[in-house]
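A.B. asks: return atomic coordinates for the entry below.
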Amino acid sequence: MNQTGTKIPSYYLAGIAILGWFALGAQLYLIIQNRVVSVTETIIRYFSFFTILTNLIVALCVSSLLPVRYMKRGNFFARTSTLTAITVYIIIVGIVYNVILRFLWKPQGLQYVVDELLHTIIPILFILLWAMYVPKAGLQYKNALPWLIYPLLYIIWTAIHGAISGFYPYPFINVAELGYNKVLVNTGGLLIAFLGLSLFLVAVAKYLSRHFMKTPLIILLFVLLTPSVAYSQNNPALKKKADQLIKGLKNKGDYPNGGNDTLIDLNGDRYKDILIEYYGASGTGLKNRIQVFLFDPFRNKFKESEQLSNLANPTFYFNKKIITGYYVANGGGYATKMKWDHSKFDTLEYIDIEVNNSVKDHPVFTLSSYNYVTKKRQVKTLSVMDLPKEYNYWDYVPLIKKSDSQ
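C.D. replies: Numbers count the residues shown, from 1 in each chain. As a prediction, this is how the structure comes out:
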């Protein structure tokens with residue numbers, strides 16, 4: 001049975017509602033502005049994030065409570081069981097992001113503000129709402145099972161959409177990268193976490209309904225949302241794995257001649273990756289090459305990035321999470337611009353370069369470019385080969401200094 005008549009301050013509900021709708025709207029704007037697929041697919045991807053869906057539920061919940069400011073029979077969102085289930089969902093959002101996902105990228109500007117709102121501030125505010133204003137009496141342990149329907153449906157949707165589109169919103173459910181067995185283990189663990197947290201909140205609710213104490217719960221939930229650096233950049237175990245991989249490459253004769261290697265965080269996930277820089281042995285163009293092994297925290301091992309290892313003359317723009325590269329030889333070449341998507345890349349631009357050496361006195365270069373964001377094609381004919389400034393054509397700067405190599 002749900003209690004009624006518990007008044008919630010209107011300013012508190014309004015505050016969460018304003019922050020929630022602002023964050024959701026701003027995130028939609030940002031994802032459309034930075035899209036690498038069509039607007040329709042981008043919007044589908046937007047609603048494929050558990051964070052977005054759960055914060056949308058929170059925003060709808062507090063907005064529905066705002067006109068009356070108290071728990072009222074007949075309002076689905078005013079039910080104690082509903083509010084407790086939403087609390088479980090938003091706590092999971094906060095924990096998963098702050099413990100696992102926070103270190104996979106470094107958002108800047110508005111994206112940083114939106115991220116903190118969706119993953120930290122709004123979860124904490126809703127937890128406090130539950131702790132201070134939601135009636136606790138009447139909750140039963142059996143309520144926890146129906147609360148699993150939402151995350152279970154989300155997992156099913158993600159699997160179906162991912163199989164069709166190849167897009168997985170979170171790396172720990174990426175079937176293409178981890179395989180079905182590993183993803184089943186991960187999702188099974190998540191469902192157990194949902195169930196465990198649900199039972200825990202019911203137990204706490206029963207305790208609080210008898211003792212009228214809020215402070216211990218508030219302190220505990222703040223601890224649950226505290227970011228955890230589980231595997232720091234300077235972890236000696238990570239360096240040992242890197243040393244073993246480099247040694248194995250050298251023993252097999254697969255280490256590039258004249259190469260320099262170091263540990264460096266290339267994709268901004270706060271885990272150091274292995275970078276090997278060397279100069280290619282074959283070809284007529286500029287041949288600054290790299291070999292990259294990205295650290296996969298979910299598999300706890302390094303994995304070679306074929307996209308980066310096949311890229312010539314790369315330039316890393318770490319703040320923008322963008323990489324450019326090019327290769328131009330007597331017979332032609334290419335240039336490409338890519339953006340990090342966890343351990344993979346979305347191609348933003350590709351330029352095909354043709355060289356016509358039949359023209360008298362000097363060759364003619366034809367650059368056919370395609371922008372994957374704007375979907376625009378462009379063709380240029382040049383008498384002197386050149387590329388946009390961000391490609392650093394003939395101005396390559398290595399990332400490794402001699403003092404940095406292992």
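A.B. asks: state which strand of this protein is the longest.
C.D. replies: Using DSSP state E, we find that the single longest strand of the chain is strand 344-356.
A.B. asks: name every strand pairing with it and say which way it goes.
C.D. replies: The strands that strand 344-356 pairs with in its sheet are strand 332-341 (antiparallel), strand 364-371 (antiparallel) (by DSSP bridges).
A.B. asks: and it, what's buried?
C.D. replies: For strand 344-356, burial by neighbour count (16 or more other CB atoms under 10 Å) applies to 345, 348-349, 351, 353, 355. Any C-beta I mention is one placed from the backbone N, CA and C, and that applies to glycine too.
A.B. asks: quick one, helices of the stretch 251-400 of the chain?
C.D. replies: Counting by DSSP state H, counting those that start in this stretch, one finds helices in the stretch 251-400 of the chain at the ranges 306-309.
A.B. asks: how about the strands in it?
C.D. replies: Using DSSP state E, counting those that start in this stretch, the strands assigned to the stretch 251-400 of the chain run over residues 260-264, 273-279, 288-296, 301-304, 315-317, 322-329, 332-341, 344-356, 364-371, 376-382.
A.B. asks: repeat for the stretch 101-250 of the chain
C.D. replies: So, for the stretch 101-250 of the chain - with DSSP E, counting those that start in this stretch - there are no strands.
A.B. asks: picking up where we left off before, where's the dip in pLDDT among the buried residues of strand 344-356?
C.D. replies: Ranked by pLDDT, the buried residues of strand 344-356 bottom out at F345 (79).
A.B. asks: still on that earlier bit, mind putting the strands of the stretch 251-400 of the chain into a markdown table with distance to L399?
C.D. replies: A markdown table is the format used below for these (distance: least, CB to CB, whole Å):
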| stretch | distance to L399 |
| --- | --- |
| strand 260-264 | 7 |
| strand 273-279 | 6 |
| strand 288-296 | 8 |
| strand 301-304 | 17 |
| strand 315-317 | 7 |
| strand 322-329 | 11 |
| strand 332-341 | 15 |
| strand 344-356 | 17 |
| strand 364-371 | 26 |
| strand 376-382 | 29 |
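A.B. asks: ok, V36 - how many residues close by?
C.D. replies: 16 (other CB atoms under 10 Å).
A.B. asks: mean neighbour count, mean pLDDT and distance to E390 added to the strands paired with strand 344-356, as JSON lines?
C.D. replies: As requested, the strands paired with strand 344-356 are arranged in JSON lines below (neighbours: other CB atoms under 10 Å; pLDDT from 0 to 100; distance: least, CB to CB, whole Å):
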{"stretch": "strand 332-341", "mean neighbour count": "20", "mean pLDDT": "88", "distance to E390": "7"}
{"stretch": "strand 364-371", "mean neighbour count": "16", "mean pLDDT": "91", "distance to E390": "13"}
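A.B. asks: which of those sits closest to I290?
C.D. replies: Within the strands paired with strand 344-356, the stretch nearest I290 is strand 332-341; the backing value is 13.5 Å (CB to CB).
A.B. asks: mind checking which helix or strand of the protein has the lowest mean pLDDT?
C.D. replies: Using mean pLDDT, DSSP states H and E, helix 215-224 stands out as the lowest-scoring helix or strand of the chain, at a mean of 50.
A.B. asks: using CSV, list the CA coordinates for the longest strand of the chain.
C.D. replies: Coordinates of each C-alpha in strand 344-356 appear next as CSV, following Å, rounded to 0.1, in the frame of the first residue of the first chain:
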residue,chain,number,x,y,z
LYS,A,344,37.1,2.3,-33.0
PHE,A,345,36.6,5.2,-35.3
ASP,A,346,34.0,7.0,-37.3
THR,A,347,35.3,8.3,-40.6
LEU,A,348,34.6,12.0,-41.0
GLU,A,349,36.3,12.6,-44.3
TYR,A,350,38.0,10.6,-47.1
ILE,A,351,40.1,12.1,-49.9
ASP,A,352,41.1,10.0,-52.9
ILE,A,353,44.2,11.4,-54.6
GLU,A,354,44.9,10.8,-58.3
VAL,A,355,48.2,11.8,-59.9
ASN,A,356,48.3,12.5,-63.7
